[in-house]
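Trainee: Build me a structure from this.
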Amino acid sequence: MIDEKTAQQIREELDFCQKPLFYFHDDPDGVSSFLQMYHAKGEGKGIIIKATPRIDVKYLRKVEEYGPDKIFILDIAMVDQEYIDAVKTPVIWLDHHTPLKRSNVKYVNSRNWGENLPPSVMAYKICKNPKDLWIAMIGAIGDWHMPDFALDFKEKYPELMPIQTDKPEEVMFGTPLGILVQAMSFNLKGSTEEALTCVKVWSRIEHPNEILKQESARGKFIWKRYAHIKEDYERLKASVIAGVKADEKFLIHTYSEDKLALSKDLANELIYLYPDKVIILAREKSGEMKCSLRSGRDGPVLNKAVESAVAGMVNGTGGGHEHACGANVKVEDFPEFVSRLKKSCE
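Mentor: This next block holds a predicted model:
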């Protein structure tokens, strides 16, 4: 857990700035982290990082345009030293991916003290806003983490988590809280502009029933977009499940649907349904296979296997957590990528 001294230091960084700039990942963990810190400060500008979770010098333009006095980076795996050196602005970075060596940045990575603590959980410990308890839980469960404030949440919102479990996946796929997680994730689909519009609406929602029961215009907006994307998601899920073979360790499904990136969300549900398999969902787009990979708690460790599998491939990238990874490879390299991965997972 993030210690109180570090949490207080980050809170002071937030308190003692006038014009913060927030970069955050385009998933429930990243958005939850941003929403909590934005609510705590009451001002600032958010920039969502879609596709590759990396901040490099091309993002300097955003700094020049906005002129922040402090930069917060939330749930982003890679930040280039060249960017940090060029901004000439204090940078605070909360993360839980593989730790990197960087200088001239306040870098808080839970892996450095032996935990995989999502930034959304760290943000709750930093901001300490009871009104954002449900937002923090969306981020935690969305990252398959059961936080130490789960019992507080269950007591305050018993209807949202009516089961007793220590398994976040059971919450994700068996409770109204899980619907909120999926609603947030689905609202991030589409263009960056569309995603930021949805995040802005989320920032103004005060109670989960605004969404679940459509009790406000903003809640109806979120629900309508969620329900529309849910239809595409269910069609894709049905097509994947129809091809599942019980005797095969790897569940591999490729598709070329270009409208929405649903692989990450569906891979999470598939590993819940088939915990003994290794999931590889690959969406073909612009000559590349954009892959989401998952394995069960007792299954193969994927991050090192994926990094090894993409080694030497032109424009091949990949990595992530022990049991949840992403990868991009060229279409012609995909068979070799799968072959290498299978060998690594034997």
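Trainee: Glu169 and Tyr272 touch, don't they?
Mentor: Yes - using CB atoms under 8 Å, Glu169 is in contact with Tyr272, at 4.7 Å. Yep, even glycine has a C-beta here, placed from its N, CA and C like the rest.
Trainee: what are the bridge partners for the residue lying closest to Tyr107 once chain neighbours are set aside, then?
Mentor: In this structure, Tyr107 finds its nearest non-sequential neighbour in Trp93, 4.9 Å apart by CB to CB, 6 or more residues apart in numbering. Under DSSP bridges, the beta-bridge partners of Trp93 are Ile73, Tyr107.
Trainee: neighbours of Trp93, just the number please.
Mentor: For Trp93, the tally of surrounding residues (other CB atoms under 10 Å) stands at 22.
Trainee: And it, how far from Cys291?
Mentor: To Cys291, Trp93 is 26 Å away according to CB to CB, to the nearest Å.
Trainee: List the pairing partners of the helix or strand bottoming out on mean pLDDT in the chain within its sheet, with orientation.
Mentor: For the chain, counting by mean pLDDT, DSSP states H and E, strand 317-320 ranks last in confidence among helices and strands (a mean of 90). Take DSSP bridges as the rule and strand 317-320 pairs in its sheet with strand 324-330 (antiparallel).
Trainee: For the stretch 201-346 of the chain, which residues score under the pLDDT cut-off?
Mentor: 257-259 (pLDDT under 70).
Trainee: how about the strands in it?
Mentor: In the stretch 201-346 of the chain, the strands defined using DSSP state E, counting those that start in this stretch lie at 250-255, 278-285, 288-295, 317-320, 324-330.
Trainee: which of these is buried the deepest?
Mentor: strand 288-295 (a mean of 24; mean count of other CB atoms under 10 Å).
Trainee: And the contacts of it?
Mentor: 254, 261, 263-264, 266-268, 270-271, 277-284, 301-302, 306, 315, 318, 320, 323-331, 333-334, 337, 341, 345 (CB atoms under 8 Å, 6 or more residues apart in numbering).
Trainee: Go again with 6 Å.
Mentor: By CB atoms under 6 Å, 6 or more residues apart in numbering, the list of residues contacting strand 288-295 from outside reads 263-264, 267, 271, 278-283, 302, 323-331, 334.
Trainee: for His207, phi and psi?
Mentor: Torsion angles at His207 (phi, psi; degrees, to the nearest 10) stand at phi -140, psi 140.
Trainee: could you measure it against Tyr157, distance?
Mentor: 9 Å.
Trainee: now Met184
Mentor: With CB to CB as the criterion, Met184 and Tyr157 are 16 Å apart.
Trainee: Give the residue from those two that has the larger number of neighbours.
Mentor: Met184 (25 against 18).
Trainee: OK, contacts around that one?
Mentor: Pro28, Ile138.
Trainee: how about a cut-off of 8 Å?
Mentor: Contacts of Met184 (CB under 8 Å, 6+ apart): Pro28, Val31, Ser32, Ile138, Gly142, Trp202.
Trainee: Where does the second one sit: helix, strand or coil?
Mentor: The reference is to Val31. In three-state terms, and counting by DSSP: H, G, I helix; E, B strand; the rest coil, Val31 is helix.
Trainee: I'd assumed Phe72 was in contact with Gly30.
Mentor: No - between Gly30 and Phe72 there is no contact, the gap being 11.4 Å when judged by CB under 8 Å.
Trainee: Next, show the common contact partners of the two.
Mentor: With CB under 8 Å, 6+ apart as the test, Gly30 and Phe72 reach no residue in common.
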